[in-house]
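1. Sequence below, structure please.
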Amino acid sequence: DIAGDVTLPAGNLRLQPVVPSRLPPELANATERVIVREGAELSTAGASINRSAADGSYVGPAIPLGRASADGASSIRSIDGGTISTRRDKQFYQVRLDGGASLDVGGGASIDSSRRVTGGRGGVLNIANGTDDQATSDWLRADLRGFAVGSGGQLNLNLGRLLIDDDDAEGVVPAGTTRVGTSLFDNRGFSRISITAANGITIASGTELTVQQKNLVVDPQTAIEKLSGTPLSSFAETQLLPESRRAPASLVLNARGGSLAGAGVLTVEHDAQITTDARGDVTLSAVDGLTIDGRIRAPGGRVTATLNGALATTAPDLRIGTGAEISTAAVFVPAPNDRGLVQGSMFDAGSVTIDARNTGLDVDSGAVIDVSGARIVADIATSDTQPAFERRALDGQAGSIVLKSQGRTAIDAAFIGRSASPSA
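-> Predicted coordinates:
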């Protein structure tokens, strides 16, 4: 039961209750075994290190630049985020992270005598809640942070049943269901979010889920005025960088089953939408049923949907519904400039893989899967030394579609794979 602060820069914090064989009466029937209360701040965020003095010495406390890992096989940079994990010994043990609490695995940064800022990577936040007899749907209300100057942190959630809905969604959810808003996926700084739910995952109709990381931006003039050890989040700005400068984020949703029979179902409802930046990655998997009736867009990226039907049971067919639109088409990402030029990067189309294992595949009429190429005319520099440009066509090549089935197969969708060249 934590109501205070714990700070371990680039460290490893594990929250795991040790339950004695003979429990006192007040704990005998309690299922909440890990509680982080309002106002508590848990941080393994990377350190901020100021070595901007002319001779490269520290400004403020001397913080080691790194340390050896526990096994001695590698080193850990002090500016990289560490790990926070919750553990539970039994499936009915519960975790509660109250609103007003925070868990931070973001990256830190260092600045040297030439005022060069080096950003650290975000760390890993592992949160596991009991999958049986969940006491409340509001257990996950704390502020989860993975912001970094470089690549953001990773968030791994393991829970019972998940509903992804708009941030302002109201109404009662089914018992044992955790509802999370879309801001978890685009406003917490994580570069990778992986959620495993034993009793199913639903993305509600009309939900627009953007998978995107925001970054910390450090002003060197401000940084040289801060003592080493000052939390980076206290003086860095959180920004959504231009797409040409930010790395893509990825999403993994896994309805693994195992808690309730037949409950490991993943559903992307009609008019729900998942969107990533260019080269993003969306992976969906389930064991008892997988239906996509919404839109998934990962331009130049990868979309994988897998139904791992159990051999001992008959899983329903993997279904791509009438309202489904899945696209990894090629995309041009413009780079901002003050000359009015068309500049940037063209990314080839990615891949779409639909894999029905030990079951069938049903792709309905009206569904669209698009891996088309693209062409744009851009301003290309003709020399590295002279500021001369010429207009040239940039082509992004078409991608690939892979369909696999081990059962009844019905395919009546539109598959689009146009070439980048209009003459092809």
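2. give the contact list for the closest residue to Ser78 other than its chain neighbours.
-> Of all residues not flanking Ser78 in the chain, Ala47 sits nearest, at 4.6 Å (Cβ to Cβ, 6 or more residues apart in numbering). (Glycine included, C-beta is placed from N, CA and C.) By Cβ atoms under 8 Å, 6 or more residues apart in numbering, Ala47 lies in contact with 9-10, 63, 78-79, 108, 228-229.
3. just checking, Thr136 touches Leu97?
-> No - Thr136 lies out of contact with Leu97 (Cβ atoms under 8 Å); the separation is 11.3 Å.
4. need the helix or strand of the chain with the lowest average pLDDT.
-> Lowest on mean pLDDT, DSSP states H and E among the helices and strands of the chain sits helix 25-28, with a mean of 52.
5. Give me the neighbour count for the residue nearest to Asp167 when sequence neighbours are not counted.
-> Closest residue to Asp167 apart from its sequence neighbours, by Cβ to Cβ, 6+ apart: Gly181 at 3.5 Å. Gly181 sits with 15 neighbouring residues when counted by other Cβ atoms under 10 Å.
6. my guess is Gly181 meets Leu163, correct?
-> No - taking contacts as Cβ under 8 Å, Gly181 lies outside contact range of Leu163: 10.1 Å.
7. gap between Glu243 and Ser419?
-> Using Cβ to Cβ, to the nearest Å, Glu243 is found at 25 Å from Ser419.
8. Those two - which one has more neighbours?
-> A count of neighbours by other Cβ under 10 Å puts Glu243 above the other of Glu243 and Ser419, at 18 against 14.
9. How about the contacts made by Arg145?
-> 45, 102-106, 153, 188-189, 233.
10. quick one: which of the residues you listed is nearest Ala272?
-> Among the contacts of Arg145, Arg188 lies closest to Ala272 (Cβ to Cβ), at 20.1 Å.
11. now the strands: where do they sit in the stretch 151-300 of the chain?
-> Secondary structure of the stretch 151-300 of the chain (DSSP state E, counting those that start in this stretch): strands at 154-159, 161-165, 177-181, 192-197, 201-203, 208-211, 215-217, 237-239, 250-255, 265-268, 273-276, 281-286, 289-292, 295-297.
12. was I right about Ser137 contacting Val180?
-> No - the pair Ser137 / Val180 is not scored as a contact, 9.9 Å apart, by Cβ under 8 Å.
13. how about the residue lying closest to Gly264 once chain neighbours are set aside, phi and psi?
-> Leaving aside its chain neighbours, Gly264 sits nearest to Gly257 (2.5 Å; criterion: Cβ to Cβ, 6+ apart). Torsion angles at Gly257 (phi, psi; degrees, to the nearest 10) stand at phi 70, psi -180.
14. Count residues in the vicinity of Gly257, would you?
-> Neighbours of Gly257 (other Cβ under 10 Å): 23.
15. which ones are touching it?
-> Contacts of Gly257 (Cβ under 8 Å, 6+ apart): 198-199, 263-264, 286-288.
16. Apply 6 Å and report the result again.
-> For Gly257, the contact set (Cβ atoms under 6 Å, 6 or more residues apart in numbering) comprises 264, 287-288.
17. can you put these in a markdown table and add distance to Asp412?
-> As requested, these are exported to a markdown table (distance: Cβ to Cβ, whole Å):
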| residue | distance to Asp412 |
| --- | --- |
| Gly264 | 27 |
| Val287 | 26 |
| Asp288 | 24 |
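18. Can you add pLDDT and distance to Val124 and give these back as CSV?
-> Formatted as CSV, these follow (pLDDT from 0 to 100; distance: Cβ to Cβ, whole Å):
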residue, pLDDT, distance to Val124
Gly264, 91, 25
Val287, 93, 25
Asp288, 92, 29
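19. taking these one by one, which sit in helices?
-> Using DSSP state H, no member of the contacts of Gly257 sits in helices.
20. now the helices for the stretch 301-424 of the chain?
-> Using DSSP state H, counting those that start in this stretch, no helices are found in the stretch 301-424 of the chain.
21. Now do the SS call for Gly100.
-> Using DSSP: H, G, I helix; E, B strand; the rest coil, the structure places Gly100 in coil.
22. didn't it look like it was pressed against Glu38?
-> Yes - if you go by Cβ atoms under 6 Å, Gly100 and Glu38 touch, sitting 3.5 Å apart.
23. Let's have the strands of the stretch 151-300 of the chain in TSV, adding distance to Gly130 and mean pLDDT.
-> Listed next are these as TSV, based on distance: least, Cβ to Cβ, whole Å; pLDDT from 0 to 100:
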stretch	distance to Gly130	mean pLDDT
strand 154-159	8	96
strand 161-165	12	94
strand 177-181	11	93
strand 192-197	12	96
strand 201-203	17	97
strand 208-211	25	97
strand 215-217	34	97
strand 237-239	32	96
strand 250-255	17	97
strand 265-268	20	96
strand 273-276	27	98
strand 281-286	21	98
strand 289-292	23	96
strand 295-297	30	98
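24. In TSV, list the ones you listed along with distance to Ile127.
-> Shown next, in TSV, are those (distance: least, Cβ to Cβ, whole Å):
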stretch	distance to Ile127
strand 154-159	5
strand 161-165	12
strand 177-181	11
strand 192-197	10
strand 201-203	16
strand 208-211	18
strand 215-217	22
strand 237-239	21
strand 250-255	15
strand 265-268	20
strand 273-276	21
strand 281-286	19
strand 289-292	24
strand 295-297	25
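25. Give the burial count for Ala62, as a bare number.
-> Other residues close to Ala62 by other Cβ under 10 Å number 11.
26. OK, contacts around the closest residue to it other than its chain neighbours?
-> Leaving aside its sequence neighbours, Ala62 sits nearest to Ser228 (Cβ to Cβ, 6+ apart; 7.3 Å). By Cβ under 6 Å, 6+ apart, the contact set of Ser228 is 49-50, 58, 60-61, 63.
27. Let me see the confidence value for Ser228.
-> In the prediction, the pLDDT value recorded for Ser228 is 94.
28. same question, Asn29
-> Asn29 is given a pLDDT of 51.
29. Just the mean pLDDT for stretch 322-338, thanks.
-> Mean predicted confidence for stretch 322-338 is 95.
30. List the contacts of that stretch.
-> Identification of contacts with stretch 322-338 by Cβ under 6 Å, 6+ apart yields 242-244, 270, 278, 292-293, 295-301, 303, 343-350, 352, 364, 366-374, 376, 396, 399.
31. Can you say which of the residues you listed are buried?
-> 243, 270, 278, 292-293, 295-301, 303, 343-350, 352, 364, 367, 369-374, 376, 396, 399 (16 or more other Cβ atoms under 10 Å).
32. That'll do, ta.
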